[in-house]
Every structure is written in C-alpha cells, then in structure tokens.
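1. Need the 3D shape of this:
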Amino acid sequence: MQPDAVCPEELELRFEHALLLSERDFLRGEVAETVLPTSRATNALWITANTDGNLLRAYLDGIRHGDARACRRAEEAMRGKVRAARSHLTELEEIFAALQSEATGIRDHCSTFSV
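-> Predicted coordinates for the structure are as follows:
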C-alpha cells in the first residue's frame, strides 16, 4: 500500500462517521426548532386558562355580591371569547380546505405520470 492510501474498511468507517455526524447535527437542529414553538404553545395555553379562570371568578364574585352588571360583563367577555374562537376555527377550516384541494390537485396531476 502507498503511504497516502486508505484501505476500504477505513473509508467505510470515515463515511459512516460523517453520516452519523450529519445526522446528529440534523437532529440537534430539529430539537432546537421544536423547543420554541412548544414553549409558545404552552405559554398560550397557560394565558388562556388564566383568562378563563379570571372571567369565571368575576362571574362568581358578581353572583356572590348580587352585582348583575359584573355578571353581564363577565358573560359578555366569555361570549366574545367564544365568538373569537369560532371565527378562528372557521378561518382554519378554510385554510385546511384550500390545502386539501391543492393536495388533491397535485395528487391527480402526479397520477398522470407513469413510473
């Protein structure tokens, strides 16, 4: 063998090592990208639950103190949250329908190709 020559086993080990390093870097990147959305979602859920709890407490306090206006304000705020959630749901349904239609179109277009 020449001094600079590398045996096939060594080449295979180097290649496998490079693949493992590449996979490790990819997985680290995926984990780093997932942490932020997960913490945002957790934070959003916590804020929503806290807001809902505050509205329910305000309503309960209104009942306990016989304050009909406080009850109505809490009820109206709860209704507003329901309206906003329904509006958001409608928007998401429209987006999903558009994506589904586009995916179906792509599938139909791809089915015309022969393998």
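2. what's the neighbour count on Ala74?
-> 21 (other C-beta atoms under 10 Å). C-beta coordinates here come from the backbone N, C-alpha and C atoms, glycine included.
3. need the contact list for it.
-> Leu55, Leu56, Ala58, Tyr59, Gly62 (C-beta atoms under 8 Å, 6 or more residues apart in numbering).
4. Write a PyMOL command that selects only the buried members of those residues.
-> Selection command for PyMOL covering only the buried members of the contacts of Ala74, criterion 16 or more other C-beta atoms under 10 Å:
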select buried, resi 55+58+59+62
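5. Among the contacts of Ala74, name the ones in helices.
-> Using DSSP state H, the subset of the contacts of Ala74 located in helices is Leu55, Leu56, Ala58, Tyr59, Gly62.
6. Just name the closest of the contacts of Ala74 to Asp108, please.
-> Distances from Asp108 to these, taken as C-beta to C-beta, are shortest for Leu55 (47.6 Å).
7. Quick check: that closest one touching Arg79?
-> No. At 10.3 Å, Leu55 does not count as touching Arg79 under the criterion of C-beta atoms under 8 Å.
8. Where does Ser114 sit, in terms of helix or strand?
-> Counting by DSSP states H and E, no helix or strand carries Ser114.
9. Could you check the pLDDT of it?
-> Looking at Ser114, its pLDDT is 72.
10. Start the count at 230 instead of 1 going forward.
-> Shifting the count to begin at 230 puts that one at Ser343.
11. I'd like the distance between it and Thr333.
-> 20 Å (C-beta to C-beta, to the nearest Å).
12. Appreciated, that's everything.
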